[in-house]
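Asks: Just to be clear, the model below is a prediction. Sequence and coordinates:
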Amino acid sequence: MPFLYRAVGMGFLACCLIALALRLLVPLPGLLGYAPVDVGIGPRVTPVEVVIWYSTEKQAWLEEAARRFQARGETVGISPITLRLVGMGSGEIADRVAREDWSYAPRPTVISPASRLWTDALADEWAAFTGERIFADEPAPLALTPLVAVAWEQRARLLWPNGAARFWSDLHDAIADERGWSAVAGARGSGPDTPEGQQASRWGLVKLGHTSPLTSNSGAQALVLMVYAFHNKTAGLRVADVEDLDFLDWLETIEAGVYDPGSNTSALMQNMVQLGPGSYDIVLVYENLAIEYIASAEQRWNQPLRVYYPPATIFSDHPYAILDAPLTSREEREAARRFRDFLLQRPQQELALQFGFRPIDPDVIISGDDATNPFARYAGNGISLTVAAPVESPSTEVLMALLEVWEQEIRSLIPAR
């Protein structure tokens, strides 16, 4: 019997030593997916962090989608995937990555500016300097949203009483006249002694808002629409169109009505609503931001907002672009692909719809009869299911020429508040 006791004891000790050796070499799965059981010894599992630099107008959607993704406990191998979202302007995203400037935000695994204007520009610039590609895969569009004009309804109906078919020319002429809204009222048959004329005189100058095209996608898109409109084109934009002297004179006039072009489209829309009709009469922003703020604007100021679609608009497609080696590791790229695929699944596309985006998934239908659908809910404010055919996205060469012209010729002419 003593021999049997010793044999059992030695066997138990051997099992304990084997288990300890395995613990030192292999992390064990824990209660939450494959989080390691931490007993204070052995190697720790390092999470695979996916850092996403994204344009801020999709913050609410991305944050909720990220929360859902993290709750799934996704892993690469046995390493848990963690997400870190960093919001900034689209132009700033492209510029910082091109310069490999990680000074105030961690190096991204993924960039998601508002439009492929910026991923195309970054890819072209990177290839020109390094001869290499910068993206591991073709950037995948996540959702669509057109650029729209948001205006206080009383002013918008005075400026465009019969619709916005002459959107840019009416806006240009209204800004050009130093009498401002009084001139608009007079042109619509309301003299200075009429109640309408007196009200318009209190509105002052026609105040337009758009973001800086140097850092923000919506500002760059606004300029693209302006040059297309001036030349009465929807495709085939050339550098010569941008540098045309007549166009530059026309652009200077419109930009004289722009105040404080900031770097953030979300902040511009928020400022319009918080500061009221005395701040901006009209702003050029994304459709989803218009949808987000329609209700709060009317509650705050007892005045409705009206949304107008330019005769030819431009869409943002929110590309999801994974950076390639050596900027990212194989594990980071795999984790980034998992989140991309998650965002393109139907539940997340339906979620995008609720936040005012047009889903990229053709199976997610935008219905005008669904009361829970924001496109139906705000149809009375001008939100439309159908949009005119968009303009052709300009080449990187044309975009860079347009930004250079604005910075050198126009920026200094914009009045400060």
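Replies: Perfect, I can see it now.

Asks: which residues touch stretch 384-402?
Replies: Contacts to stretch 384-402, defined as CB atoms under 8 Å, 6 or more residues apart in numbering, come from residues 115-117, 120-121, 124-125, 146, 213, 220, 223-225, 227-228, 233-239, 241-243, 307, 309-315, 366, 368, 375. To be clear about C-beta, it is placed using only N, CA and C from the backbone, and glycine gets the same treatment.

Asks: Give the buried subset of those as a PyMOL selection command.
Replies: The PyMOL selection below is limited to those of the contacts of stretch 384-402 classed as buried (16 or more other CB atoms under 10 Å):
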select buried, resi 115+116+117+120+121+124+125+146+213+220+223+224+225+227+228+234+237+238+239+241+242+307+309+310+311+312+313+314+315+375
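
Asks: Give me the subset of the contacts of stretch 384-402 that lies in helices.
Replies: If you go by DSSP state H, the contacts of stretch 384-402 have 116-117, 120-121, 124-125, 220, 223-225, 227-228, 239, 241-243, 375 in helices.

Asks: What is the burial count for residue 231?
Replies: By other CB atoms under 10 Å, 17 other residues sit near residue 231.

Asks: wait, I meant residue 164
Replies: 19.

Asks: ok, it touching residue 308?
Replies: Yes. Residue 164 lies in contact with residue 308 (CB atoms under 8 Å); the separation is 4.5 Å.

Asks: any shared contact partners between the two?
Replies: residue 149.

Asks: Okay, strands next: where are they in this protein?
Replies: 48-54, 75-76, 79-87, 110-112, 140-141, 143-152, 208-209, 282-286, 305-308, 315-316, 319-322, 358-359 (DSSP state E).

Asks: Show me what the last one is packed up against.
Replies: Applying 3 or more CB pairs under 8 Å, 6 or more residues apart in numbering; DSSP states H and E, one finds that strand 358-359 contacts strand 143-152, helix 346-354.

Asks: how about the ones you listed in TSV, adding distance to residue 264?
Replies: Compiled in TSV, the helices and strands packed on strand 358-359 are given as follows (distance: least, CB to CB, whole Å):
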stretch	distance to residue 264
strand 143-152	15
helix 346-354	20
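
Asks: How is the protein divided into domains?
Replies: Domain ranges of the chain: 48-144+318-359, 145-316+381-413, per automatic domain parsing.

Asks: Just put these in CSV and tack on mean pLDDT.
Replies: What follows is the domains of the chain, written out as CSV (pLDDT from 0 to 100):
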stretch, mean pLDDT
domain 48-144+318-359, 96
domain 145-316+381-413, 94
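
Asks: Let's see stretch 336-353 as CSV, backbone CA atoms only.
Replies: Only the C-alpha atoms of stretch 336-353 are listed here, as CSV (Å, rounded to 0.1, in the frame of the first residue of the first chain):
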residue,chain,number,x,y,z
ALA,A,336,-8.9,45.3,-39.7
ARG,A,337,-10.5,43.1,-42.4
ARG,A,338,-12.7,41.5,-39.8
PHE,A,339,-14.1,44.8,-38.8
ARG,A,340,-14.5,45.9,-42.4
ASP,A,341,-16.5,42.8,-43.2
PHE,A,342,-18.6,43.4,-40.1
LEU,A,343,-19.4,46.9,-41.2
LEU,A,344,-20.6,45.7,-44.6
GLN,A,345,-23.0,43.1,-43.1
ARG,A,346,-26.7,43.9,-43.3
PRO,A,347,-27.3,44.8,-39.6
GLN,A,348,-24.6,47.4,-39.6
GLN,A,349,-25.8,48.8,-43.0
GLU,A,350,-29.3,49.0,-41.5
LEU,A,351,-27.7,50.9,-38.6
ALA,A,352,-26.0,53.3,-41.0
LEU,A,353,-29.4,54.0,-42.5
